[in-house]
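Asks: Quick one, what's the 3D model for this:
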Amino acid sequence: MTTSSRHLDRTDIAILSQLQKDARITNADLARAVHLSPTPCFNRVRALERLGVFKERVTLLNPEPLGLHINVFIQVRLEKQGEEALLSFERAIAERPEVMECYLMTGDADYLLRVVMPDMKTLERFIVEHLTKIPGISNIRSSFALKQVRYKTALPLPTAGLTLAEPDSSDIEWT
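Replies: Residues are numbered from 1 along each chain as shown. Alright, predicted model coming up:
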């Protein structure tokens, strides 16, 4: 099977950078920001979409006005780390809307979760009524975020462009 590749130049990187800052930017404003006319800009965005560069386009909400005041990191250790145990845990976690992130980890914990909650009572219910009922869990440890020092969704982009071919290109110059 052959892998198609496409070089992303500085203009493509500029487009991605602008879209990471504001996904709602109009094509006309985006074109102006990257020094293109609207049609070529639109075509480049569509080409980037076809390449799978965009994962999703979402609106990021502020949790505080929505009553989500607690940000908790939960480490979960499983009794066994076999494929079925991992898949079973991941399926159960995927159903929980309060779980914002879930990572399979190396080290002491098998999984690291980030959950948001309105209060301690809701966190207690989540742990007792949901998390502890997932088969195969041997240990749960929680850490509360006291303050969010940095949160970003924009990925660091290379300065001079890159060629998309393999997902883990190691020849990219990062700043």
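
Asks: Distance check, the residue of the chain positioned farthest from its centre against Leu19.
Replies: The outermost residue of the chain relative to its centre, with distances by C-alpha atoms, centre = their mean, is Ser37 at 31.4 Å. Relative to Leu19, Ser37 is positioned 18 Å away (C-beta to C-beta, to the nearest Å). All C-beta atoms are positioned from the backbone trio N, CA, C, and that covers glycine.

Asks: For the residue farthest from the centre of the chain, list the residues it contacts.
Replies: Contact analysis of Ser37 by C-beta atoms under 8 Å, 6 or more residues apart in numbering lists Ala31.

Asks: mind giving me the domain split of this protein?
Replies: The record's domain split for the chain, according to automatic domain parsing, is 6-59, 64-144.

Asks: ok, which stretches of the protein are helices?
Replies: 10-21, 27-33, 38-50, 83-94, 120-125 (DSSP state H).

Asks: Just the buried residues of the first one, please?
Replies: Of the residues in helix 10-21, those with enough neighbours to count as buried (16 or more other C-beta atoms under 10 Å) are Asp12, Ile13, Ala14, Ile15, Leu16, Gln18, Leu19.

Asks: hang on, the last one packs against Ile25?
Replies: Yes - contact status for Leu19 versus Ile25: in contact at 6.9 Å, counting by C-beta atoms under 8 Å.

Asks: Now list whatever residues contact both of these two.
Replies: What both Leu19 and Ile25 touch, as defined by C-beta under 8 Å, 6+ apart, is an empty set.

Asks: returning to that earlier point: can you redo the domains of the chain as CSV with mean pLDDT?
Replies: Converted to CSV, these look like this (pLDDT from 0 to 100):
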stretch, mean pLDDT
domain 6-59, 94
domain 64-144, 97
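
Asks: Switch those domains over to a markdown table; also include distance to Tyr151.
Replies: Conversion of the domains of the chain to a markdown table gives the following (distance: least, C-beta to C-beta, whole Å):
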| stretch | distance to Tyr151 |
| --- | --- |
| domain 6-59 | 14 |
| domain 64-144 | 10 |
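
Asks: For Ala154, find the nearest of those.
Replies: Of all the domains of the chain, the one in closest proximity to Ala154, counting by C-beta to C-beta, is domain 6-59 (3.9 Å).

Asks: and that closest one, how far from the chain's centre?
Replies: The gap between the average C-alpha position of domain 6-59 and the chain average comes to 19 Å, counting by C-alpha atoms, centre = their mean, to the nearest Å.

Asks: what's the answer for stretch 147-166, then?
Replies: Chain-centre distance of stretch 147-166: 11 Å, with C-alpha atoms, centre = their mean.
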